[in-house]
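Trainee: quick one: sequence and predicted model below, then my questions.
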Amino acid sequence: MIKKALLAAATLASLVAVPARADVSFNVGAVTDYRYRGISQSRLDPAVQGGADWVQGADGGFYAGIWGSTIRWIKDTGRINGYDAGNARVEVDLYGGYKGSLAQGLGYDVGVLQYWYPRNKLDRNPAFEKADTTEVYGALSFGPVTAKYSHALTDTFGNPDSKNSHYIDLSGSFEIVDGWTLVPHVGYQKLKGPSDDLGSYTDYSLGLSKDFSGFVVSATAVGTNADKSFYVTPSGKFTGKTALVVGVKYNF
């Protein structure tokens, strides 16, 4: 699956590259806790992150990118269940898609996203599958508000028989004063398969950020109604608990 995703990304880039218009950007940063869909991926500890993006043009078109973060949840899963899940200390996301507009102020975004966890061996336990996950997504944006749907083409983050799981979310980005941006968000993760009752949940957050000439600082209050026995660290801490996440990122 990873090789196919990389080949598709390379083919896409070779077909649509327009040097006169294409733009490449990079970002590096850190957060006090890496939360994804409300759940901590870093055992409620800080994480280092970074990525690169290629876009065909400022007004829309094809795009592709790569992003990564340090994580701890895969190794923790093995510790909780008493087996070796591998030494997957990072998550690498590979993505590509197309953005455009349907009407004045109404935009769309469709694409594919591959979550890759190098050296993960989650499937050593017969109760789990490989952590690597592929999703397709589609989003509609009207002004500052975006609604997005993501659909899993594979088992979802190691959960067995969880193909066709999905995530739907609604978010906004509102400039309030002096360049400060308020970002409200609510989402729902539906986990198919045997873990449905424990694994499905709603997450919500409210963030505040500002860009200081490329340096973006942010503070986000995040929480979930996830199952407190399903989403836990080896020491029994709930990874979906309400918390304030502080971050800094540099775009260049």
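Mentor: That came through fine.
Trainee: so for the residue most central in space within the chain, what pLDDT did the model give?
Mentor: Computing the C-alpha centroid of the chain and ranking residues by CA atoms, centre = their mean puts residue 36 first, at 5.7 Å. Looking at residue 36, its pLDDT stands at 98.
Trainee: ok, now residue 8?
Mentor: Looking at residue 8, its pLDDT stands at 46.
Trainee: same check on residue 20?
Mentor: In this model, residue 20 is scored at 48, pLDDT.
Trainee: next one: the one 10 residues further on
Mentor: Reading off the confidence values, residue 30 has pLDDT 98.
Trainee: now swap in residue 178 and tell me
Mentor: Model confidence at residue 178, given as pLDDT, is 93.
Trainee: for burial, what's the neighbour tally of the closest residue to it other than its chain neighbours?
Mentor: Nearest residue to residue 178 in three dimensions, chain neighbours excluded: residue 210, at 7.8 Å (CB to CB, 6 or more residues apart in numbering). All C-beta spots, glycine's among them, are computed from the backbone N, C-alpha and C. Here the number of neighbours of residue 210 (other CB atoms under 10 Å) works out to 14.
Trainee: so residue 210 sits against residue 182, correct?
Mentor: No. With contact taken as CB atoms under 8 Å, residue 210 and residue 182 are classed as non-touching, separated by 10.6 Å.
Trainee: name the helix or strand for the nearest residue to residue 187 once chain neighbours are set aside, please.
Mentor: In space, residue 187 comes closest to residue 169 once its chain neighbours are excluded; the distance is 3.3 Å by CB to CB, 6+ apart. Secondary structure assignment for residue 169, by DSSP states H and E: strand 166-172.
Trainee: now for whichever helix or strand comes after that strand, which elements pack on it?
Mentor: In the C-terminal direction, the helix or strand that comes right after strand 166-172 (DSSP H and E) is strand 174-177. Contacting strand 174-177 under the criterion 3 or more CB pairs under 8 Å, 6 or more residues apart in numbering; DSSP states H and E are the following elements: strand 180-190.
Trainee: how about the strand it packs on: buried residues?
Mentor: By neighbour count, and taking 16 or more other CB atoms under 10 Å as the criterion, the buried residues in strand 180-190 are 181, 183, 185, 187-190.
Trainee: burial check on the spatially closest residue to residue 35 that is not a sequence neighbour, number of neighbours?
Mentor: Once flanking residues are discounted, residue 35 sits nearest to residue 222: 5.2 Å by CB to CB, 6+ apart. Here the neighbour count serves as a burial measure; for residue 222 (other CB under 10 Å) it reads 22.
Trainee: contacts made by the helix or strand containing residue 222 with the rest, please.
Mentor: With elements taken from DSSP H and E, the one containing residue 222 is strand 215-224. Residues external to strand 215-224 that are found in contact with it (CB atoms under 8 Å, 6 or more residues apart in numbering): 29, 35, 38-39, 183, 201-210, 231, 240-251.
Trainee: now swap in stretch 185-195 and tell me
Mentor: 37-38, 152, 155-156, 159-172, 196, 199-207, 230.
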